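**Student:** Build the 3D model from these lines:
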Amino acid sequence: MGIIETLSQARVEPERSFLVIGGYAVNAHGYSRQTMDLDILVKKEQANFWKELVLSNGYAVYCERDNFLQFTPTAPELIPIDFMLVNEQTFSGMHAEAVEGQLGGVSVRHPSLRHLIALKLHVLKRELPHRELRDLYDVIQLVHFNQVDTQSGDFKQLCERYGTLKLYETIVRATR
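**Tutor:** The predicted structure is shown next:
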């Protein structure tokens, strides 16, 4: 059994659940791109549960931070897994608007398009050089493929709240 099946079997909707974020969520929203890992969003207070589950299924901790857990596989057929940890309120809001999708034949939930873009903007705001081009390109492609109205006040507010005005202007220019 693969790790996504294991995670799915361990969830109890909505109390103990997860959202698939990152590249697989980008794919679910219409822009297909390759990804080398599985990114998962969970409630911070449940981090130990998910950590123990992943560790007992062929993974080792690669990096552990306050809001982030990274696991490396101990077998070549497994893919790396990253967990983003958020508070109850953030998770509940995202879970309530999440969309159903499939990943490896397993039913999973992905953030809504708005929440996925917000996550990407949040990372871009941190100006991490190793993430900047990929995440900006993801946002531009998500906007393009989903025909997001970048001139709307809602989109501009989303960019200013989770990103920056400069990011907003870059996205608008790139999607004209």
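**Student:** which helices and strands sit right next to the lengthiest helix in the chain?
**Tutor:** Looking across the chain with DSSP state H, the single longest helix is helix 129-145. Secondary-structure packing of helix 129-145 (3 or more Cβ pairs under 8 Å, 6 or more residues apart in numbering; DSSP states H and E): helix 22-28, helix 113-125, helix 165-174. (Glycine included, C-beta is placed from N, CA and C.)
**Student:** Mind checking those for the one nearest to Tyr137?
**Tutor:** Smallest distance to Tyr137 across the helices and strands packed on helix 129-145 (Cβ to Cβ): 8.9 Å, for helix 165-174.
**Student:** same question for that closest one, mean pLDDT?
**Tutor:** Average pLDDT, helix 165-174: 96.
**Student:** Show me what it is packed up against.
**Tutor:** helix 113-125, helix 129-145, helix 153-162.
**Student:** buried stuff in it?
**Tutor:** Going by neighbour count (16 or more other Cβ atoms under 10 Å), the buried part of helix 165-174 is 167-168, 170-171.
**Student:** picking up where we left off before, got TSV for the helices and strands packed on helix 129-145, with distance to Leu55 too?
**Tutor:** Output for these, formatted as TSV (distance: least, Cβ to Cβ, whole Å):
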stretch	distance to Leu55
helix 22-28	20
helix 113-125	25
helix 165-174	36
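**Student:** Tell me which of those lies nearest to Thr74.
**Tutor:** That would be helix 22-28 among the helices and strands packed on helix 129-145, by Cβ to Cβ, at 21.3 Å.
**Student:** Nice, that's everything, thank you.
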